[in-house]
Each structure stands twice: as C-alpha cells, then as structure tokens.
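1. got a predicted structure plus its sequence, pasted below:
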Amino acid sequence: MARYERLYTSHKDNLKPGVYVIELPKDQVLRLPGPRTRKIEDASLPIRCKKHSSCLPWILRFLLFLIVLVVILVAILFLVFQPRIPKYSVEDIKVHEFNLSRELVVMDVIIRAKNPNKRIGIDYKNSNRLWVSHYETVMCRGSLPGFHQGHMNTSTLEARLTANGLHFPKELSSSIKDQQNDGDVHLNVGMDFPVTIKMGILKSMKFDFKVRCDLSVMRLLSNQTAGIQRGSCRLRI
C-alpha cells in the first residue's frame, strides 16, 4: 500500500481544513505534475520558438551576402567589358509602290546599326519585326534575317516592308497628301529585335531591343526615294 499526503482545503461545510491520509493500492497510484513541474514545461515552449526565430538573422545575412556578391560580379563585368549602347539610324527609304486607295505599299528601309563595344558581340534573332507608320497607322511591315554583329562593327541592313494584310482608314490618304504638299511628311519606323549578348565565353539570356525612330521625309511616291530631311532613333531595352 502507498500513501499520498496532501494539504486539502474545501469550501464545503462538512469538510474541515486539515491533513488527510489516503490509502490506495500501489498499482493504482495516480501521479499528477506539481505546480513546479508545470511551470518548467510551460517555460520550455517559448524557448523552442526562440530557437526558430534565431535563424532569421542568419537567413538575412545570407541573402545580403548573395546581393553583395551579385553586385560585385556585375561591377567586375562592367569594368572588364565596358558595355556601350548600340546606335541605330534610318539612312534611306526607297518607295517601290505607294497607292493607299488600293492598299498597296512596298518600301525598302535602309538601316544602319552600330555596335561600339570592343569586347561585346550581338546576336540578332530571326523573330524580329519592323514597320513604318504615319502617326498611329501602320502602312507596311516586315522582318530581317537573323545575323551576328561583331564588336566595333557597323552594319547596313535593308528590309523589304509591305502592306500585306493591312487596311487603311480614309483619313490616312488626306493627311499624307496635306503634309506632302508642305514637303514634310511625318513617319515612324519601329524595330523590335530579340537579341542575345556575347561577352567572351559568356552569353546572356534573350531579351528585346526596341528601336523607335521619328522621321521627316519630303515625299511618298512610287519609284522614288522618300528623301529623309531629319530623323532620330532611340533604343529601349
């Protein structure tokens, strides 16, 4: 037999405060954790949480290390290869057919592309797009075959653009005629070139060169050059 002694205080009238001796069989003794044991177990829970939260500074330090490493690598690449932005210009536009009432437009657009970089080559992909528009109306479109442009290279490209599948609003003809009478026709030339950059043995992912040119030409007549008076091109990546 085992004895379990406990100070027991009851609110009932028939029980008085005191010490009671309860006898139970040895194999049926029930053991409950005392207040001191419960406090220890409860105190251990925040410790586990603190252990997990202590990992956060290490994760932040690791991420910061990666960011610093990437910045250092990019800085080294810039110092070694000294990248410069390619330059583009529209040299001429040869008009073969220009009949808006029949929706027949055929032009050859001659483009100069200059790669001023000493250690960087540019791969132009086949899936490129070129177009000529008058304000928001596209008059002809086409593409160029893909090619590789080496470092310190200037290439002259000629693209045949047509109006296949295009439809023109009635206002287009009158707008061009009015400007042509003044000898100052506004044109936009757009070029989207998917490219990859080669820096030695390194090769970049594919991304787009978006070239937009604003031109002023003298005329748009069949079998004549447009006569570019002024123009400027800008590159967006």
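-> Okay, I see it. Being a predicted model, the structure only gives us computed values, none of them experimental.

2. the residue most central in space within the chain and residue 126, how far apart?
-> In the chain, the residue lying closest to the centroid (CA atoms, centre = their mean) is residue 207, at 8.9 Å. Distance of residue 207 to residue 126, computed by CB to CB, to the nearest Å: 16 Å. Every C-beta, even on glycine, is put in place using the N, C-alpha and C of the backbone.

3. same question for residue 102.
-> On the measure of CB to CB, residue 102 and residue 126 end up 30 Å apart.

4. residue 200 now?
-> 24 Å.

5. any idea how this structure splits into domains?
-> The chain breaks down by automatic domain parsing into domains covering 2-81, 87-236.

6. can these go into TSV with extra columns for mean pLDDT?
-> Output for those, formatted as TSV (pLDDT from 0 to 100):
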stretch	mean pLDDT
domain 2-81	63
domain 87-236	96
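
7. of those, which stretch is the most buried?
-> Mean neighbours per residue, mean count of other CB atoms under 10 Å, is largest over the domains of the chain for domain 87-236, with a mean of 16.

8. endpoints of that domain, how far apart?
-> 11 Å (CA to CA, to the nearest Å).

9. got it, and stretch 91-107?
-> 13 Å.

10. residues in contact with the residue nearest to residue 184 when sequence neighbours are not counted?
-> Leaving aside its sequence neighbours, residue 184 sits nearest to residue 216 (CB to CB, 6 or more residues apart in numbering; 5.5 Å). The contact partners of residue 216, taken as CB atoms under 8 Å, 6 or more residues apart in numbering, are 184-187, 228-231.

11. what's the biggest strand in this structure, counting residues?
-> strand 185-199 (DSSP state E).

12. helix or strand next in line after the longest helix seen in the chain, which one?
-> Secondary structure of the chain per DSSP state H: the longest helix is helix 55-81. Next in sequence after helix 55-81, counting helices and strands by DSSP states H and E, comes strand 87-99.

13. name every strand pairing with that following strand and say which way it goes.
-> Sheet pairing for strand 87-99, assigned by DSSP bridges, gives strand 104-115 (antiparallel), strand 224-225 (antiparallel).
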